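Asker: Show me how the following folds:
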Amino acid sequence: MQATDTVILDGRYAESRAAALSLIAELDRNVASKELKLPSLPDVVLKIRDRLADENVSVSEVVRLVGSDPALAARLMQTANSALFYCGSGPVTTLHVAVARLGYRMVRNVALSLAAQQIFIGYETRALHEPLSAIWKHSVHVAALAHMLARLKTDLNPEEAFLAGLLHEVGKLYILMQCKDRPELAASDAFQSVVAEWHCRVGRVVIETWGLAPELAAAVAEHETEPLEVAEPVTMTALVAVANFLAEHVAQGGWTLADCPSFGALALDEDTFGWLLRAGDVDIKMLMLAFGT
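Answerer: Have a look, this model is predicted:
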């Protein structure tokens, strides 16, 4: 390597480090004040979130709200027909049946997922499409595994577990968006260190800003430091931690149950472990199609 090449590389490193330090300072201020530069949730999502808080809201009203947004209606239909929710009684062909099959919590989850995807993986971020899509793909994977683990091993609501898995890395999406005008910085080691150190704290603020449940905020903020040796009663944070581990390691191939750490209260036997991965593979592929990954 010539001396001029070394100077160029040193200059780029210094620039990346300076940009990373500037971002850290901004994140520190914004997290402390809980004032992230975050786009508001779309109006239809806010209406769905607020109306579904009323247990007496009718299916017809939910269908009317969903039907006012063609993209949301299409996503809901795809989700209702995915392997994770398909009941074997024939394909879903109407929004009314889709809402009835999925339930109100899942309708809210689909609306929030579409909003998050539109906010963070929009047309204005084409240069960052690959890293953003990789985060979203992993999040859908964790969501499916969290849903299945909740259903199999806990008394936690599977739909809430799905949302926690889907949004567990929303802080990474937010931080990555901060370099949308200089996408070359996203690949730098300095920037990746910022993402690793800050995404959980930033994610908590995103969840709180959107007015979602404290349990969800805790799962987003604490899943990386939560012990995989899960204690009773199983919390949403612990569930997401295990689902995240499985998505990152086991489901990528080459791992067996014997290779895994003890999951404590979420311990799996060989049959359940095998079923979880086989079912997860099918469910995840279908969900990734439904969720636009």
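Asker: Please count neighbours and contacts with C-alpha atoms only from this point.
Answerer: Fine.
Asker: Surely E222 touches M236?
Answerer: No. E222 lies out of contact with M236 (CA atoms under 8 Å); the separation is 10.1 Å.
Asker: what about dumping the CA coordinates of the one helix or strand I175 maps to to CSV?
Answerer: I175 belongs to helix 170-177 when assigned by DSSP states H and E. Extracted in CSV, the C-alpha atoms of helix 170-177 (Å, rounded to 0.1, in the frame of the first residue of the first chain):
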residue,chain,number,x,y,z
VAL,A,170,-36.4,-0.8,16.0
GLY,A,171,-33.6,1.2,17.6
LYS,A,172,-31.2,-0.1,14.9
LEU,A,173,-33.6,1.1,12.2
TYR,A,174,-33.8,4.5,13.7
ILE,A,175,-30.0,4.9,14.1
LEU,A,176,-29.3,3.7,10.6
MET,A,177,-31.7,6.3,9.3
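Asker: Residues contacting that helix, please?
Answerer: Applying CA atoms under 8 Å, 6 or more residues apart in numbering, the external contacts of helix 170-177 come out as 120, 125, 128, 132, 135, 186, 195, 198-204, 206, 220.
Asker: List the residues that contact A219.
Answerer: Taking CA under 8 Å, 6+ apart, we find A219 in contact with 164, 168, 236-238, 240.
Asker: now for the residues you listed, which pair is the farthest apart?
Answerer: Using CA to CA, the two most remote members of the contacts of A219 are H168 and A238, lying 12.0 Å apart.
Asker: who touches both of those two?
Answerer: What both H168 and A238 touch, as defined by CA under 8 Å, 6+ apart, is the set 219, 223.
Asker: Please say which of these two ends up with more neighbours.
Answerer: For H168 versus A238, neighbours defined as other CA atoms under 10 Å are more numerous around H168 (33 against 26).
Asker: How about the contacts made by the more buried one?
Answerer: Going by CA under 8 Å, 6+ apart, H168 touches 139, 203, 219-221, 223, 240.
Asker: could you say which helix or strand contains R49?
Answerer: Using DSSP H and E, R49 sits within helix 43-51.
Asker: coming back round to it: the helix holding I175: how far from the chain's middle?
Answerer: Between the centre of helix 170-177 and the centre of its chain there are 11 Å (CA atoms, centre = their mean, to the nearest Å).
Asker: could you give the mean pLDDT of it?
Answerer: What helix 170-177 shows for mean pLDDT is 88.
Asker: same check, this time on stretch 182-193
Answerer: Mean pLDDT, computed over stretch 182-193, is 79.
Asker: just stretch 99-109 next, same as before
Answerer: On average, the pLDDT along stretch 99-109 is 90.
Asker: Please identify the buried residues of that stretch?
Answerer: 99, 101-102, 104-109 (16 or more other CA atoms under 10 Å).
Asker: taking those residues one by one, which sit in helices?
Answerer: If you go by DSSP state H, the buried residues of stretch 99-109 have 99, 101-102, 104-109 in helices.
Asker: all strands of the stretch 101-250 of the chain, in order?
Answerer: Counting by DSSP state E, counting those that start in this stretch, the stretch 101-250 of the chain has no strands at all.
Asker: Now do the helices in it.
Answerer: 104-120, 129-153, 158-166, 170-177, 189-209, 214-222, 236-248 (DSSP state H, counting those that start in this stretch).
Asker: Most tightly packed of those?
Answerer: Most buried of those, by mean neighbour count (mean count of other CA atoms under 10 Å): helix 158-166, with a mean of 26.
Asker: what's in contact with that one?
Answerer: Under CA under 8 Å, 6+ apart, the answer for helix 158-166 is 105-106, 109, 113, 136, 139-140, 142-144, 146-151, 216, 219-220, 236, 239-240, 243-244.
Asker: which ones are touching the closest residue to F162 other than its chain neighbours?
Answerer: Closest residue to F162 apart from its sequence neighbours, by CA to CA, 6 or more residues apart in numbering: A143 at 4.4 Å. A143 is in contact with 161-166, 243, counting by CA under 8 Å, 6+ apart.
Asker: Tabulate those (a markdown table), appending distance to L46 and pLDDT.
Answerer: Shown next, in a markdown table, are those (distance: CA to CA, whole Å; pLDDT from 0 to 100):
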| residue | distance to L46 | pLDDT |
| --- | --- | --- |
| A161 | 20 | 94 |
| F162 | 19 | 91 |
| L163 | 16 | 92 |
| A164 | 18 | 95 |
| G165 | 21 | 94 |
| L166 | 18 | 91 |
| A243 | 28 | 95 |
